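Enquirer: Give me the fold of what follows.
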Amino acid sequence: MTINTKWIIKSDIFLDVFYGILRAYCRTFRITVINEAPWVDYLKKGGSVLLCAWHQQFFATVAYFEKYQEFSPSLMISQSNDGDIAAGICRRGGWHPIRGSSTKGGLRALKHIIRELRRSRLAGHIVDGPQGPAGIVKPGTITLALAARAVVVPVSISADRAWFFNSWDRFMLPKPFAEIRFVFGEMIHLNGSEGKTNVEACRCQLESVMQPYLIRP
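Expert: Down below sits the predicted model:
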């Protein structure tokens, strides 16, 4: 009998167990959070916020970002097999996965997440995912923020002890009991009238802010 491993890893039972393990692992981290209050206050007063991070640093957010589920936030995730697992994890953390990427289903997914960000006023975005190149902000980030009239908040995640995969982004897996720092940058207010005609300038602006956040082991 042939075992369908793809079906297994997409099943609710597997994802429930896997998420529980990841959550328990992330709970060992000692987390320091810097500059979170300004954008949360802006959000609670009616503003819209797009949290932006590098693909490299996504893992450490699994447990901590559960605290934002009250805002019903969204996150764009690719339609790949790995994306199926990530979407299941995202959903269990109280986020709404929007499936699509720059390589597949991107335009439809972008329209969907724009609607969701306008509705809930909070979304996350992996600015160089899902396939890179690392450290290059994709223009869809700017299109999303402008269309939803959202401020952009760059997020830096670092660890004092971590393994780095031999992948395109040198994916970071913090070691157990690592000290994690979440640093939220200053809110970036994109100029709507100019930005719509100069997405590239806004993209370069965000990229220059976020480049120092990238870890080069």
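
Enquirer: distance between the ends of stretch 96-114?
Expert: Terminal residues of stretch 96-114 lie 13 Å apart, using CA to CA, to the nearest Å.

Enquirer: before we move on, what about stretch 17-35?
Expert: Length of stretch 17-35, first residue to last, CA to CA: 33 Å.

Enquirer: again with stretch 144-152
Expert: Stretch 144-152 has an end-to-end distance of 10 Å (criterion: CA to CA).

Enquirer: For that stretch, list every residue counted as buried.
Expert: When neighbours are counted by 16 or more other CB atoms under 10 Å, the buried residues of stretch 144-152 are found to be 144-148, 150-152. To be clear about C-beta, it is placed using only N, CA and C from the backbone, and glycine gets the same treatment.

Enquirer: again, but for stretch 130-141
Expert: For stretch 130-141, the buried set under the neighbour-count rule, 16+ other CB under 10 Å, comprises 130, 134-135, 137-138, 140-141.

Enquirer: can you check stretch 64-81 too?
Expert: Buried, per 16+ other CB under 10 Å, within stretch 64-81: 64-65, 68, 71, 73-79.

Enquirer: same question, stretch 167-179
Expert: Buried residues in stretch 167-179, defined by neighbour count with 16+ other CB under 10 Å: 169-172, 174, 178.

Enquirer: Tell me the one among those residues nearest to residue 161.
Expert: Nearest to residue 161 out of those is residue 178 (CB to CB; 4.5 Å).

Enquirer: got the contact list for the closest one?
Expert: By CB atoms under 8 Å, 6 or more residues apart in numbering, the residues touching residue 178 are 28-30, 159-162.

Enquirer: want to throw the residues you listed into CSV with distance to residue 113, neighbour count and secondary structure?
Expert: Converted to CSV, the contacts of residue 178 look like this (distance: CB to CB, whole Å; neighbours: other CB atoms under 10 Å; DSSP: H, G, I helix; E, B strand; the rest coil):
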residue, distance to residue 113, neighbour count, secondary structure
28, 32, 12, coil
29, 28, 19, coil
30, 32, 11, strand
159, 28, 20, strand
160, 33, 12, coil
161, 34, 11, coil
162, 29, 18, strand
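
Enquirer: Can I get those in JSON lines including pLDDT and distance to residue 121?
Expert: JSON lines is the format used below for the contacts of residue 178 (pLDDT from 0 to 100; distance: CB to CB, whole Å):
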{"residue": "28", "pLDDT": "97", "distance to residue 121": "32"}
{"residue": "29", "pLDDT": "97", "distance to residue 121": "28"}
{"residue": "30", "pLDDT": "97", "distance to residue 121": "30"}
{"residue": "159", "pLDDT": "98", "distance to residue 121": "30"}
{"residue": "160", "pLDDT": "97", "distance to residue 121": "33"}
{"residue": "161", "pLDDT": "97", "distance to residue 121": "35"}
{"residue": "162", "pLDDT": "98", "distance to residue 121": "32"}
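
Enquirer: next helix or strand past the helix or strand where residue 20 lies?
Expert: Per DSSP states H and E: residue 20 is located in helix 12-26. Using DSSP H and E, the helix or strand that directly follows helix 12-26 along the chain is strand 30-34.

Enquirer: and after that next one, which helix or strand comes next?
Expert: Using DSSP H and E, the helix or strand that follows strand 30-34 in sequence is helix 37-44.
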